[in-house]
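A.B. asks: Fold the following, please.
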Amino acid sequence: MNDASPALSTVPHLTTALTGPLLRLETQLLQAQVAIEAWFREQFRATPAPIYCSVDLRNAGFKLAPVDTNLFPAGFNNLGERFLPLCVQAMQTAIERVCPRSCGVLLVPENHTRNLFYLENVAVLRRILESAGYEVRIGSLLPDLTEPQTVSLPSGARLRLEPIMRQGDRVGVAGFNPCFVLLNNDLSGGRPAILEGISQPVVPPMALGWTQRRKSEHFGHYRDVAREFGALIDLDPWFIDPYFRQCGEVDFMAGTGEDCLAGNLDVLLTSIRRKYDEYGIDREPFVIIKADAGSYGMGVMTARSVDDVRDLNRKERKRMAASKEGQAVRQVIMQEGVYTFETVGDPPAVAEPVVYMIDQHVVGGFYRVHTGRGADENLNAPGMHFEPLAFVEPCNTPDCGQAPDAAPNRFYAYGVVARLALLAAAREMAAHG
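C.D. replies: Got it, this is the predicted structure:
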């Protein structure tokens, strides 16, 4: 974990004159802080939060909204060192709820041995769990792993990957019988048979892996949450909620499903344009089209008119046809594009905040930065890098004595919207039993 650099001690520059609605939103959040925090406590008592979660936000100056919610977050290595105590405390709370007598955790990562950046994330997650007072072993689902393998990381950390073993209805690794299984694997390649029907808790539940989960279902729950929250503080929920539609059974390589794409795209663009007109926003609406079952930054395209989804060339079809682990894309979510007008560095590079939560607590975050992409493009792409969020205090601690756009208050707004997405994920998890 690298500490935040001095250059990020202030809020990144918001490069738009259209800050009025956002400042009004931040002012509303500050004025309603007590009611908001009470509402969150009530909501999470009724529907407990997932054990951890990260949320990608986009800040358009006139709109602040989530565009992706990850229930198997990587990137813990991008958080600032100062947030380790927050992570440890929140993890203790989360595990006590999942498994009150737990003393051992089997951490199951993605099937990577060469992606050292991802494995640094696993090392930090292990550190958080061990600092919380739990014994941790790393159980790998690699099909060809028959004996322990040690991987040395650039940070100096070493990871020992061990093959998972099963005896009856329990899993573990050699000499270790864990109390529960913590997944840091999004199951894009399917549900592992070795974890089916075991007596130990598996968190997050396998039903929330991308084998079964759909982004459109999550954002359906988020739409309900945003409406309830909007009623609480008298806010048009559109300011925090991206419009979306789902298009089923698309085959990009065969060229089928174009009518579905074009029809839904036209409806979305019309709806967005009406909102832009309502609030005097002089920008071109756009829509992001991506796999409904988790894209890992793959299979993503931007559309500004129906012509963009008609007659795609072979290269474009191939790029959209598959997502992580080569999974064929048959269903897509079409989501209102949210500009990002935050920039970091000199020369300025576009950035989007990613907020991390353990249990119901905001524990840190970072900016995803891309020097080669624009304000209306997907930043989760090769060439991106990360800058820690410059939290001086936790993300749920605003400073009402400062301007609405001051650092603690910008970050409070991030924390509120991220927790709305977390609540939607909690309801999604509850719906799957």
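
A.B. asks: Please list all residues in contact with the closest residue to residue 52 other than its chain neighbours.
C.D. replies: Among residues not flanking residue 52 along the chain, residue 358 sits closest, at 4.9 Å (CB to CB, 6 or more residues apart in numbering). The way it works is simple: take the backbone N, C-alpha and C, and place the C-beta from them, glycine included. For residue 358, the contact set (CB atoms under 8 Å, 6 or more residues apart in numbering) comprises 51, 52, 87, 90, 91, 93, 94.

A.B. asks: from the residues you listed, which ones fall inside strands?
C.D. replies: Among the contacts of residue 358, the members falling in strands (DSSP state E) are residue 52.

A.B. asks: By neighbour count, which of the contacts of residue 358 wins?
C.D. replies: Highest neighbour count within these: residue 52, with 27 neighbours (other CB atoms under 10 Å).

A.B. asks: for the stretch 151-300 of the chain, what spans make up the helices?
C.D. replies: Assigned by DSSP state H, counting those that start in this stretch, the stretch 151-300 of the chain shows helices spanning 215-233, 258-278.

A.B. asks: ok, back up a step: do you know how far the residue nearest to residue 52 is from residue 97?
C.D. replies: For residue 358, the distance to residue 97 (CB to CB, to the nearest Å) stands at 11 Å.

A.B. asks: what pLDDT does the residue nearest to residue 52 get?
C.D. replies: Predicted confidence (pLDDT) at residue 358: the value is 97.

A.B. asks: now residue 325
C.D. replies: Reported pLDDT for residue 325: 57.

A.B. asks: now swap in residue 13 and tell me
C.D. replies: Reading off the model, residue 13 has pLDDT 50.

A.B. asks: Also residue 393?
C.D. replies: 49.

A.B. asks: Offset the numbering so it begins at 39, please.
C.D. replies: New numbering, starting at 39: the last item is residue 431.

A.B. asks: contacts for the helix or strand hosting residue 122?
C.D. replies: Per DSSP states H and E: residue 122 is located in helix 122-136. For helix 122-136, contacts defined as CB under 8 Å, 6+ apart pick out 39, 86-87, 89-90, 114, 117, 140, 143, 165-167, 169-172, 218, 239, 241, 395-397, 399, 401-402, 432.

A.B. asks: Would you list the phi and psi of residue 105?
C.D. replies: Dihedral pair for residue 105: phi -120, psi -10, per degrees, to the nearest 10.

A.B. asks: quick one, what contacts it?
C.D. replies: Per CB under 8 Å, 6+ apart, neighbours of residue 105: 94, 95, 96, 280, 326, 373, 376.

A.B. asks: re the thing from before, the residue nearest to residue 90 bridge partners, please.
C.D. replies: As for beta bridges, residue 396 partners with residue 90, residue 399 under DSSP bridges.

A.B. asks: Show me where the stretch 189-338 of the chain dips below the pLDDT cut-off.
C.D. replies: 333-336 (pLDDT under 70).

A.B. asks: how about the helices in the stretch 39-188 of the chain?
C.D. replies: So, for the stretch 39-188 of the chain - with DSSP H, counting those that start in this stretch - the helices run 58-69, 71-84, 122-136, 154-169.

A.B. asks: mind checking which of the ones you listed is nearest residue 182?
C.D. replies: helix 154-169 (17.3 Å; CB to CB).

A.B. asks: Quick one: list the elements packing against that closest one.
C.D. replies: helix 122-136, strand 142-147, strand 173-178, strand 196-201, strand 218-222 (3 or more CB pairs under 8 Å, 6 or more residues apart in numbering; DSSP states H and E).

A.B. asks: so which of these gets nearest residue 266?
C.D. replies: helix 122-136 (23.6 Å).

A.B. asks: Helix 154-169 and that closest one, what's the angle between them?
C.D. replies: Angle between the axes of helix 122-136 and helix 154-169 is 70 degrees (criterion: axes from the mean of the first three to the mean of the last three CA atoms, to 10 degrees).

A.B. asks: quick one: stretch 283-294 to chain centroid distance?
C.D. replies: 25 Å (CA atoms, centre = their mean, to the nearest Å).

A.B. asks: Contacts for that stretch, please.
C.D. replies: 252, 254, 295, 298-299, 302, 305-306, 330, 350, 355-356, 358-359, 367-372.

A.B. asks: rewinding a little: measure the residue nearest to residue 90 to residue 181 for me?
C.D. replies: Residue 396 is 30 Å from residue 181, by CB to CB.

A.B. asks: Determine which of the helices of the stretch 189-338 of the chain approaches residue 380 most closely.
C.D. replies: Among these, the nearest to residue 380 by CB to CB is helix 296-316 (19.7 Å).

A.B. asks: Next, the buried residues of the closest one.
C.D. replies: By neighbour count on 16 or more other CB atoms under 10 Å, the buried set for helix 296-316 is 296, 298, 299, 300, 302, 303, 306, 307, 310, 313.

A.B. asks: and it, what other elements does it pack with?
C.D. replies: Using 3+ CB pairs under 8 Å, 6+ apart, helix 296-316 sits against strand 282-285, strand 325-329, strand 370-374.

A.B. asks: In its sheet, which strands sit next to the shortest one, and in what direction?
C.D. replies: When pairs are called by DSSP bridges, strand 282-285 turns out to pair with strand 370-374 (antiparallel).

A.B. asks: which parts of the following helix or strand past the partner strand are buried?
C.D. replies: Reading on from strand 370-374 to the C-terminus, the next helix or strand found by DSSP H and E is strand 380-382. Buried residues in strand 380-382, counted by 16+ other CB under 10 Å: 380, 381, 382.

A.B. asks: in its sheet, what does strand 380-382 sit against?
C.D. replies: strand 51-52 (antiparallel), strand 387-396 (antiparallel).

A.B. asks: Among those strands, which comes closest to residue 260?
C.D. replies: The nearest among the strands paired with strand 380-382, by CB to CB, is strand 387-396 at 14.4 Å.

A.B. asks: Contact partners for residue 149?
C.D. replies: 178, 179, 180, 223, 227.

A.B. asks: go with 7 Å
C.D. replies: 179, 180 (CB atoms under 7 Å, 6 or more residues apart in numbering).
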